[in-house]
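In: sharing a sequence plus its predicted fold:
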Amino acid sequence: MPLSARPVTTSMISTIHVLKAKAAFDDDTYRDFLERRTGKRSAKELSVPEASRVIEALREVAGQGPKGAVAGLDGPIGGKLRALWIAGYDLGIVRDRTDRAMLSFLERQTSVSHVRFLKDSRAGTSAIEGLKSWLERAAGVDWPEARRRDGEQDVIGSKRAVLDAQWRRLIALGDVKPIGQAVDPMELLLDYACRITRHNRWDTMEPDHYDQVQKALGRKLRGVLARNAQSQHHQD
């Protein structure tokens, strides 16, 4: 089933309701909020991408948006750029994960200071591909084919590519070690993901589960990099 058609998960609905309470929305305000962003008045009717947009918007309203959050980035181009930028942070190559830092990168690439000033979708696509190419070069992300046969972007494949790159960096840094010669250390990634998500197979995980693993691996990777940098400083 294409990601755009996947129904919202139970965990996403729970997150939406928690954020609704923190935003102090009454029922009518909440349903109007949903309708303005998705055309629907119930969280149960949302698809996974729609629910992700609603969660992001509610976090901003509830004051839980990321530090340095910038308005106007919840569209397709802004959302993809933000996700890629956070992936760079979780890969240990972006130091400042904020929207403002991401927009500074965009301006260096396109001479445009915000996605709303991009002239057309081609300019937005160029910015996205530029950021993906950088993550590929700097962090070794092996992106999947741009589109599957059904025409949908391979969102899960892209998320998995980021996890694989994070794990490879941890192996290279010596934080993940093989168990004997018969076990490929890359195979240990599933065990780690299972501990985070409590799912025992990749094909049972939803996009938000992949996000949970990416976030956990990001903390782990940044910790290793920080310790290595501190150790190198002491040696110097």
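Out: Sure, I can see it.
In: any idea how many residues pack against the nearest residue to residue 9 once chain neighbours are set aside?
Out: Spatially, and ignoring its direct neighbours in sequence, residue 9 is nearest to residue 206 (5.0 Å; Cβ to Cβ, 6 or more residues apart in numbering). The way it works is simple: take the backbone N, C-alpha and C, and place the C-beta from them, glycine included. By the other Cβ atoms under 10 Å criterion, the neighbourhood of residue 206 contains 19 residues.
In: ok, now which ones touch residue 206?
Out: 6, 9, 11, 48 (Cβ atoms under 8 Å, 6 or more residues apart in numbering).
In: could I get the buried residue list for the longest helix out of those in the chain?
Out: When the chain is parsed with DSSP state H, its longest helix is helix 207-235. Going by neighbour count (16 or more other Cβ atoms under 10 Å), the buried part of helix 207-235 is 207-214, 216-218, 220-221, 224-225.
In: show me the residue at the heart of the protein, geometrically.
Out: residue 83 (4.2 Å; Cα atoms, centre = their mean).
In: which of the helices or strands spans that residue?
Out: Here residue 83 sits within helix 76-90, counting by DSSP states H and E.
In: quick revisit: what does the residue nearest to residue 9 show for phi and psi?
Out: Main-chain dihedrals, residue 206, degrees, to the nearest 10: phi -90, psi 170.
In: what distance do you get for it to residue 84?
Out: 20 Å (Cβ to Cβ, to the nearest Å).
In: again, but for residue 45
Out: 29 Å.
In: compare these two (neighbour count), which wins?
Out: Per other Cβ under 10 Å, whichever of residue 45 and residue 84 has more neighbours is residue 84, with 24 against 14.
In: neighbours around the residue nearest to the more buried one when sequence neighbours are not counted, how many?
Out: Spatial nearest neighbour of residue 84, chain neighbours left out: residue 131 (4.7 Å); criterion: Cβ to Cβ, 6+ apart. Each residue near residue 131 was counted by other Cβ under 10 Å, and the total is 22.
In: returning to that earlier point: could you single out the nearest of the buried residues of helix 207-235 to residue 97?
Out: residue 218 (9.0 Å; Cβ to Cβ).
In: quick one, what contacts that closest one?
Out: 89-92, 166.
In: ok, now with 10 Å
Out: If you count contacts by Cβ atoms under 10 Å, 6 or more residues apart in numbering, residue 218 has them with 86-92, 97, 162, 166.
In: take these and write them to TSV, including distance to residue 26, pLDDT and neighbour count.
Out: Listed next are those as TSV, based on distance: Cβ to Cβ, whole Å; pLDDT from 0 to 100; neighbours: other Cβ atoms under 10 Å:
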residue	distance to residue 26	pLDDT	neighbour count
86	32	94	21
87	36	96	27
88	39	96	24
89	36	94	21
90	36	95	26
91	41	97	22
92	43	94	23
97	33	85	18
162	38	97	27
166	41	97	25
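In: can you tell me what sits against stretch 18-25?
Out: 26-27, 29-34, 43, 54-64.
In: okay, and which of these map to helices?
Out: Those of the contacts of stretch 18-25 lying in helices (DSSP H): 27, 29-34, 54-61.
In: which ChimeraX command selects the buried ones in these?
Out: Of the ones in helices among the contacts of stretch 18-25, the buried ones go into a single ChimeraX selection, burial set by 16+ other Cβ under 10 Å:
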select :30,31,33,34,54,55,56,57,58,59,60
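In: which of the ones in helices among the contacts of stretch 18-25 lies closest to residue 113?
Out: residue 60 (19.7 Å).
In: how near is that closest one to residue 155?
Out: Counting by Cβ to Cβ, the gap from residue 60 to residue 155 is 22 Å.
In: if anything else comes up later, I'll come back, but that's it for now.
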